[in-house]
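Engineer: okay, here's the prediction I keep looking at, along with the sequence it came from:
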Amino acid sequence: MNSGSYAAQAVYLDYNATTPMRPEALQATYDALQTVGNASSIHDHGREAAARVDHARQQVADMLNCSRGELIFTSGATEASNLALQAAYTQRDLIITSAVEHPAVLETARALVRDTPGALFVLPVDNKGRTDPGTLKATVEQRGVALVSIMLANNETGVITDLTPMIEAAHEAGALVHTDATQYVGRLPLDLGALDVDLLSLSAHKLGGPQGVGALFIRRGTPLPQRPLVFGGGHERGWRAGTLNVPGIAGLGAAAEAAHRQLGEEAPRITKLRDLLEGELLTQIPGSYINGAAASRLPGVTSITFPGAPADAVLASMPDVAASDGSACSAGAPSPSHVLLAMGLSREDADSTVRFSLGYATTEQEIRRAADATVRAVTHVRAVMGSTDSP
Ligand code: PLP
């Protein structure tokens, strides 16, 4: 793939951080940027911009099998989750979430309950990274009027949540369910006719669209007070004020359509490449192991621990591979991954874990190059660490 200027030679395996733009998304964004028009204006220019937004809304709705009126465009999944949790929490006295959520949910939940001790229940995960539907069921049955927010797939390990029994248990107890589907959308089929969540967050830049745009799905009929984060001109039916980001929204729509059209072919191809990478690394790097290997996972993600080789040193030793360490999703945070710690890894092992995330443009040749570079880097770091450790 063309990964840009200075890093053109690096193999890009950081799709969970952000994806390269799909050509369709690039074109749609560019076309929208080239035309003037505020989607709120009533003249032809405004109408053209509004038509681009309507088209994109339909493209996203088609991908999710929901209706256009159930989608609010936002600046990304972080804002969508903030919006969802803030609105839903006003009527509820408890937020139930999981220990492996992205900070977009965990920190929002913590902020909302700051003055209400006991109003947040964080479900643990097992050593495969899975939340237990039984624990959730017991908690909602006991506490009832709750907001449940559980991610559909984890950004660090790719572990997929068995959400359906959780949704059923939550609804039976009168709770609302939000899911952060940021890493799942566009990578595996998602049918909101079958997955009965009330609220769902997604982001364009994880499925081949531009950064800085996303959406919140609010199921029709969900009893939710309107509590915008941004007040102003009443855009997005009062949920999110501010002139619409027409180029970004057009890019999101085009990316959604392309991802939806291609995922039947992309998902198995990417899974095969991920398996190839894991096979090479596990056989060539003694002691290495995969986090969440026994769980159901997204096609293109692998979180691999190389005991005795700190990830920051490994990554620094292989500048020709763009991957990330466990904590990459939180800007500038040097602390070990809360996800891996929740799965029971030691701090040392969590710090010695690299996440490789593949996507629609990844090739077999790139995977072989990345595997070779990783084997060399881990061997080198272990040798250096070994020599500094010895007396
Ligand atoms: N949720 C998950 C699971 C993510 O991986 C990310 C991105 O890293 C986000 C939320 C935040 O998305 P955005 O960058 O659109 O705010």
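Structural biologist: Happy to help now that I have it.

Engineer: could you measure from Asn127 over to the ligand?
Structural biologist: 20 Å (Cβ to the nearest ligand atom, to the nearest Å). Bear in mind the C-beta positions are built from the backbone N, C-alpha and C, glycine included.

Engineer: residue in this structure nearest to the ligand?
Structural biologist: Gly76 (2.6 Å; Cβ to the nearest ligand atom).

Engineer: show me where the chain has strands.
Structural biologist: In the chain, the strands defined using DSSP state E lie at 11-12, 71-74, 94-98, 120-123, 146-149, 176-180, 199-203, 214-218, 289-290, 301-305, 321-322, 324-325, 353-357.

Engineer: quick one: contacts of the third one?
Structural biologist: Applying Cβ atoms under 8 Å, 6 or more residues apart in numbering, the contact partners of strand 94-98 are 85, 89, 105-106, 109, 112-113, 119-125, 131, 136, 139-140, 143, 145-151, 161, 175.

Engineer: how does this protein divide into domains?
Structural biologist: 3-20+264-385, 23-257 (automatic domain parsing).

Engineer: first-to-last residue distance for the last one?
Structural biologist: Length of domain 23-257, first residue to last, Cα to Cα, to the nearest Å: 12 Å.

Engineer: from the chain's centre, how far out does that domain sit?
Structural biologist: From the chain centre to the centre of domain 23-257 is a distance of 11 Å (Cα atoms, centre = their mean, to the nearest Å).

Engineer: can you check the first one too?
Structural biologist: Distance of domain 3-20+264-385 from its chain centroid, counting by Cα atoms, centre = their mean, is 16 Å.

Engineer: averaged pLDDT, that domain. What do you get?
Structural biologist: Domain 3-20+264-385 shows a mean pLDDT of 92.

Engineer: over to the longest one?
Structural biologist: Here domain 23-257 scores 95 as its mean pLDDT.

Engineer: which residues of the stretch 101-250 of the chain lie near the ligand?
Structural biologist: His102, Ala104, Met151, Asn155, Asp180, Thr182, Gln183, Ser203, Gly214 (Cβ under 6 Å from any ligand atom).

Engineer: if we go to 8 Å?
Structural biologist: Neighbours of the ligand within the stretch 101-250 of the chain, by Cβ under 8 Å from any ligand atom: 101-105, 151, 153-155, 180, 182-183, 201, 203-206, 211-214.

Engineer: now which of the residues you listed would you call buried?
Structural biologist: 101-102, 104-105, 151, 153-155, 180, 182-183, 201, 203-206, 211-214 (16 or more other Cβ atoms under 10 Å).

Engineer: among these, name the ones in helices.
Structural biologist: Ala104, Val105 (DSSP state H).

Engineer: setting aside sequence neighbours, what's the nearest residue to Thr305?
Structural biologist: Thr353 (4.5 Å; Cβ to Cβ, 6 or more residues apart in numbering).

Engineer: list the residues that contact the one you found.
Structural biologist: Taking Cβ under 8 Å, 6+ apart, one finds Asn291, Ser303, Ile304, Thr305, Phe306, Ala311, Asp325, Gly326, Ser337, Leu340, Leu345 in contact with Thr353.

Engineer: isn't the fifth one up against Val314?
Structural biologist: Yes - using Cβ atoms under 8 Å, Phe306 makes contact with Val314 at a distance of 6.5 Å.

Engineer: between those two, which contacts overlap?
Structural biologist: Ser352, Val354, Val378, Val381.

Engineer: neighbour-wise, which of these leads?
Structural biologist: Ser352 (30 neighbours; other Cβ atoms under 10 Å).

Engineer: about what we covered before: narrow the shared contacts of Phe306 and Val314 to those in helices?
Structural biologist: Filtering the shared contacts of Phe306 and Val314 for helices - DSSP H - leaves Val378, Val381.

Engineer: correct me if wrong: Ala250 contacts Gln34.
Structural biologist: No - using Cβ under 8 Å, Ala250 is not in contact with Gln34; the gap is 10.9 Å.

Engineer: so if I had to pick from those two, which one is more boxed in?
Structural biologist: Set Ala250 next to Gln34 and count neighbours by other Cβ under 10 Å: Ala250 wins out with 27 against 8.

Engineer: determine the set of other helices and strands touching the lengthiest helix in the chain.
Structural biologist: With secondary structure taken from DSSP H, the chain has its longest helix at helix 246-284. With contacts taken as 3 or more Cβ pairs under 8 Å, 6 or more residues apart in numbering; DSSP states H and E, helix 246-284 sits against helix 23-33, helix 44-64, strand 289-290, strand 301-305, helix 364-389.

Engineer: the shortest one pairs with which strands, and in what direction?
Structural biologist: Going back to what we said before, that points to strand 289-290. strand 301-305 (antiparallel) (DSSP bridges).

Engineer: got the angle between the partner strand and strand 353-357?
Structural biologist: Strand 301-305 and strand 353-357 are oriented at 160 degrees to each other (axes from the mean of the first three to the mean of the last three Cα atoms, to 10 degrees).

Engineer: just the CA coordinates of strand 301-305, formatted as PDB?
Structural biologist: What follows is strand 301-305, C-alpha atoms only, in PDB (Å, rounded to 0.1, in the frame of the first residue of the first chain):
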ATOM      1  CA  VAL A 301      -5.600  -8.100  14.900                       C
ATOM      2  CA  THR A 302      -3.000  -9.900  16.900                       C
ATOM      3  CA  SER A 303      -1.600  -9.000  20.300                       C
ATOM      4  CA  ILE A 304       1.700 -10.900  20.800                       C
ATOM      5  CA  THR A 305       3.800 -10.900  23.900                       C
END
